[in-house]
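Q: Return a 3D structure for these sequence lines:
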Amino acid sequence: MYICSKFSTMQSFTEENYLKAIYKLIEQEGDVITTNAIAEKMRTKAASVTDMLKRLADKKLIHYKKYQGVTLTSKGEKIALSIIRKHRLWEMFLVEKLHFKWDEVHEVAEQLEHINSDKLVEQLDKFLSYPKIDPHGDPIPDAKGKLTIPKSNLLSKFNKHDVCIMTGVVDHSSGFLQYLDKAGIALGCEIKIKDVVEFDRSLRVVINKEHTIFISNDVAKNILAILKK
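A: Predicted coordinates:
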């Protein structure tokens, strides 16, 4: 199953964005997604979502029945993965080759992901030496649509004395990423949990054996990590 732009040449940018949003919601919440969840994700009204869902269903990109939720068809999933693949490759290109910061690339990649050229995507992947993750630690689907999801956990789930390696973020907003930069927290850094405050589950951590900071529970819930071996 080769992911290529022929699946998406007949889709509008908005339709592609909806398919991508539905795919990500399914990843987070389960196999069937509600109209309200999609409306919140797309920051639009439920009535607008319903109109788009009918259009996508007519194109056989989703399964949709009123009051029964939404699922992707095989074709819809292929398109969603294609868009996600391009988005994450462009983010990697912007950071690795054009020296953008990780908090600057999302909106640019949102535009670039709609370019429909199989050859461009193939050459971009090759130029970047076939990266497995993007600058935020999210897995990049390969040309066949295979997505290898790392076995990470939320930092908030770890315990006192655990030593972790940061692998990604849940919150991709510029504000959150800038906060992490100021705190000295980046992909691959070591985070040692010195204490867990019982009152609010905030953490006292040591970053890269260099400096100690406090992290709120809200922040810890948006950092992904694995135990250091």
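
Q: Please parse this structure into its domains.
A: Taking automatic domain parsing as the reference, the chain has its domains at 1-149, 153-227.

Q: By mean pLDDT, show me the worst of those domains.
A: For the domains of the chain, mean pLDDT drops lowest on domain 1-149, to a mean of 90.

Q: So what are the sheet partners of the helix or strand where Cys164 lies and their directions?
A: According to DSSP states H and E, Cys164 maps onto strand 163-169. Next to strand 163-169 in the sheet, as set by DSSP bridges, lie strand 190-196 (antiparallel), strand 223-227 (antiparallel).

Q: quick one, which of the ones you listed is packed in tightest?
A: strand 223-227 (a mean of 19; mean count of other Cβ atoms under 10 Å). C-beta here means a position set from N, CA and C on the backbone, and glycine is covered the same way.

Q: that older thread, just put the strands paired with strand 163-169 in TSV and tack on distance to Lys182.
A: What follows is these, written out as TSV (distance: least, Cβ to Cβ, whole Å):
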stretch	distance to Lys182
strand 190-196	15
strand 223-227	14
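
Q: Looking at those, which is nearest to Ser117?
A: strand 223-227 (31.7 Å; Cβ to Cβ).

Q: who touches the closest one?
A: The contact list for strand 223-227, computed with Cβ atoms under 8 Å, 6 or more residues apart in numbering, reads 137, 150-156, 158, 162-170, 180, 185, 191, 215.

Q: Which PyMOL command selects the buried ones in the residues you listed?
A: Buried residues within the contacts of strand 223-227, by 16 or more other Cβ atoms under 10 Å, are selected in PyMOL with:
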select buried, resi 137+152+155+156+158+162+163+164+165+166+167+168+169+180+185+191+215
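
Q: OK, contacts around the residue most central in space within the chain?
A: The chain has Asp138 as the residue nearest its centroid, 5.5 Å off, counting by Cα atoms, centre = their mean. Counting by Cβ under 8 Å, 6+ apart, Asp138 touches Arg88, Gly168.

Q: Now with 10 Å, please.
A: Ile84, His87, Arg88, Glu91, Leu147, Ile149, Pro150, Thr167, Gly168, Val169, His172, Leu224 (Cβ atoms under 10 Å, 6 or more residues apart in numbering).

Q: So which residues of the chain form helices?
A: 13-29, 35-42, 46-58, 74-96, 106-112, 118-127, 174-183, 217-220 (DSSP state H).

Q: which helices and strands does the third one pack with?
A: Applying 3 or more Cβ pairs under 10 Å, 6 or more residues apart in numbering; DSSP states H and E, one finds that helix 46-58 makes contact with helix 13-29, helix 35-42, strand 62-64, strand 70-72, helix 74-96.
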